[in-house]
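Undergrad: 3D model of this:
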Amino acid sequence: MTTFAAHQIGVLASSGWAVCPSVAHAVENAGLPQVTATYLQETFTADHWRSAQDAVDALPRHFGAARFADEVTYGLLLVPDPARLDTRAAVDPTTRLDQLGTASADVVDPRLPEGRLGVRPGPAWTLIATVTGAYGPALGSHNDITGTPPDRFTVSGLDTRQLMIRQLWGARVLHRASAKSRGAVCLRDDTPVMV
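TA: Numbering: from 1, shown residues only. I've put the predicted structure just below:
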């Protein structure tokens, strides 16, 4: 196993999907496998990890000139099978209990369409190379980004703007152990625990 794979497995196995009981409960209720180091090692092959590393390494090379690029953390995000747990929509208020310290409804405008699927139904979990830290690269306004030729945002043949979607955003929210901090913190019995 490569250093990259070992590091990412550690990060993913300590993400909100795994360490926040209320999020892990939603994973279980959806019939998804629990996110553990063993599951990740057994499910994703050496080829998966090599491809993932190539994709993660390509992002800072491509966006390295962006404003605040030195503050961006890139890594892997797990996105669940949308047929089992669709992260485009608001989740049950109890799902984020251990992230927020209280049951709280997600803010989702019901007038918006459900959004596009970037990850289609099928595998229980899909690895996505993306921004995993609190900050993304500062690339301009919505109009700047959508009005720019695709090559500015195309990394390894993929226009990354196509992945700026609610499905991945919703997965990022649940991936984070806490919505209240930049660090990985999960509230257990109202006590913050670093993970």
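Undergrad: going along the chain, name the helices of this protein.
TA: Counting by DSSP state H, one finds helices in the chain at the ranges 3-13, 16-19, 21-29, 37-43, 46-63, 97-100, 142-146, 166-175.
Undergrad: got TSV for those helices, with mean pLDDT, distance to Tyr74 and mean neighbour count too?
TA: From N, CA and C alone the C-beta is placed, and that goes for glycine too. Converted to TSV, these look like this (pLDDT from 0 to 100; distance: least, CB to CB, whole Å; neighbours: other CB atoms under 10 Å):
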stretch	mean pLDDT	distance to Tyr74	mean neighbour count
helix 3-13	97	11	17
helix 16-19	94	18	24
helix 21-29	96	22	18
helix 37-43	98	18	15
helix 46-63	95	5	15
helix 97-100	84	22	20
helix 142-146	88	18	10
helix 166-175	92	13	21
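Undergrad: I'd like these as CSV, with distance to Val155 appended.
TA: Below are the helices of the chain laid out as CSV (distance: least, CB to CB, whole Å):
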stretch, distance to Val155
helix 3-13, 17
helix 16-19, 25
helix 21-29, 29
helix 37-43, 24
helix 46-63, 5
helix 97-100, 29
helix 142-146, 14
helix 166-175, 15
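Undergrad: looking at these, spot the one closest to Leu117.
TA: helix 166-175 (6.0 Å; CB to CB).
Undergrad: which other helices and strands does that closest one contact?
TA: Secondary-structure packing of helix 166-175 (3 or more CB pairs under 8 Å, 6 or more residues apart in numbering; DSSP states H and E): helix 16-19, strand 74-80, strand 125-131.
Undergrad: how about these in a markdown table, adding distance to Val91?
TA: A markdown table is the format used below for the helices and strands packed on helix 166-175 (distance: least, CB to CB, whole Å):
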| stretch | distance to Val91 |
| --- | --- |
| helix 16-19 | 12 |
| strand 74-80 | 11 |
| strand 125-131 | 17 |
